[in-house]
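Visitor: how would this look folded up:
(chains A and B)
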Amino acid sequence: MSFALLMFFVLAGLAVLGALALILQRHPIHSALSLILVMLSLAGLYLLMGAEFVAAVQIIVYGGAVMVLFVFVIMLLNAGEEERTNFSKLASVAGIPLALALAGVIAAAIARGSGHLPSATNGELTSTRELSKLLFSEFVYPFELTSFLILVAILGAIVLAQREQN
Amino acid sequence: MVPTSYYLILSAVLFGLGVLAFVFKRNIITVFMAIELMLNAVNLAFVAFSQALGKSDGEIFVLFVIVVAAAEAAVGLGIIILTARNRRSLNVERVDLLKL
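Guide: From the prediction side, this is the model:
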């Protein structure tokens, strides 16, 4: 077994373990820490594939900024253990068959199409220079639009979260 | 060398676990984390395809998805704070004003 394959199984196992822990933990702060584990192992997988810039952004933006925001809100709202409530009858009857059907459709699509694809880990790094050239030439309008999106998001967050003054 | 299908299967598994968490969790913050998990699973598939086809477009898409996810997290958590303040609960079962 090659080193890349070994690393893939270790990181994939960590990611799936973290996702399972996200579901099984009852306290939101534990779920948040499990999600950080998933994001860090995904960053490792990106590095394994050679997407170094995406791996760095994944750690800085997801592992850093977004998860800090989550943990901050959990602490701000003093969220405790999850309450237990009854599941709806429709969900308990139709939920598992529908989830299996979704898994089957995705598995069939992968099995049908993946034979033509070359290996994803070809050992070549995508250079950040190439990525930035693409971002600032071909994708420059979407890139500029994201700045507008972030501005609207900031305004929305401020408007939503501020206390009403009567 | 890791075949691309392995990455796609991992992506599908993570997405499925995200859907499960979205359906099963009762805490509104954890439900929101499930959405982030699904976005991450899709990002993994994007990067795998991008590397397999030797084109960088997929990685650009991932950057845009991350930007949208960050903006969504800011607005979504604002909504969660507002809901928690009005309902005095984080349980999604108690946010049912539209229910008959």
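
Visitor: Could you use CA atoms for every contact and neighbour count after this?
Guide: Noted.

Visitor: need the longest helix for chain B.
Guide: As assigned by DSSP state H, the longest helix anywhere in chain B is helix B:57-87.

Visitor: buried set for that one?
Guide: Residues of helix B:57-87 classed as buried: B:57-63, B:65-84 (neighbour count, 16 or more other C-alpha atoms under 10 Å in any protein chain shown).

Visitor: helix or strand for residue 35, which one?
Guide: Since no chain was named, I'll use chain A. Element membership for A:Leu35, per DSSP states H and E: helix A:28-49.

Visitor: Oops, wrong one, chain B.
Guide: helix B:28-53.

Visitor: packing partners for that helix?
Guide: Secondary-structure packing of helix B:28-53 (3 or more C-alpha pairs under 8 Å, 6 or more residues apart in numbering or on different chains; DSSP states H and E): helix A:28-49, helix B:4-24, helix B:57-87.

Visitor: how about these in TSV, adding distance to A:Ser127 and mean pLDDT?
Guide: Formatted as TSV, the helices and strands packed on helix B:28-53 follow (distance: least, C-alpha to C-alpha, whole Å; pLDDT from 0 to 100):
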stretch	distance to A:Ser127	mean pLDDT
helix A:28-49	12	93
helix B:4-24	20	87
helix B:57-87	11	89
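
Visitor: In CSV: those, plus distance to A:Gln58.
Guide: Below are the helices and strands packed on helix B:28-53 laid out as CSV (distance: least, C-alpha to C-alpha, whole Å):
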stretch, distance to A:Gln58
helix A:28-49, 6
helix B:4-24, 16
helix B:57-87, 8
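
Visitor: right, and those - which one's nearest A:Leu20?
Guide: helix B:4-24 (7.0 Å; C-alpha to C-alpha).

Visitor: Now the closest one: buried residues?
Guide: B:4-22.

Visitor: Tell me how many other residues crowd A:Ile150.
Guide: 17 (other C-alpha atoms under 10 Å in any protein chain shown).

Visitor: That one and A:Ile60, how far apart?
Guide: Using C-alpha to C-alpha, to the nearest Å, we find A:Ile150 at a distance of 17 Å from A:Ile60.

Visitor: circling back: for the longest helix of chain B, which helices and strands make contact with it?
Guide: On a contact count with 3+ C-alpha pairs under 8 Å, 6+ apart, helix B:57-87 meets helix A:52-57, helix A:67-76, helix A:128-137, helix A:140-161, helix B:28-53.

Visitor: next one: stretch A:149-166 to chain centre, how far?
Guide: 25 Å (C-alpha atoms, centre = their mean, to the nearest Å).

Visitor: Could you do stretch B:13-33 as well?
Guide: Taking C-alpha atoms, centre = their mean, one finds the center of stretch B:13-33 at 8 Å from the center of the full chain.

Visitor: Tell me how many other residues crowd residue 37.
Guide: Picked chain A for this. Using other C-alpha under 10 Å, the number of residues around A:Leu37 comes to 22.

Visitor: should've been chain B
Guide: Neighbour count of B:Leu37, defined by other C-alpha under 10 Å: 26.

Visitor: That one: what's it in contact with?
Guide: By C-alpha atoms under 8 Å, 6 or more residues apart in numbering or on different chains, the contact list for B:Leu37 reads A:19, A:35, B:14-15, B:18.

Visitor: how is chain A carved up into domains?
Guide: Here the domain parsing of chain A from automatic domain parsing is A:1-81, A:127-166.

Visitor: which of those is buried the deepest?
Guide: Comparing the domains of chain A by mean neighbour count (mean count of other C-alpha atoms under 10 Å in any protein chain shown), domain A:1-81 comes out on top with a mean of 19.

Visitor: if I read this right, B:Gly16 contacts A:Ala103, doesn't it?
Guide: Yes - using C-alpha atoms under 8 Å, B:Gly16 is in contact with A:Ala103, at 7.2 Å.
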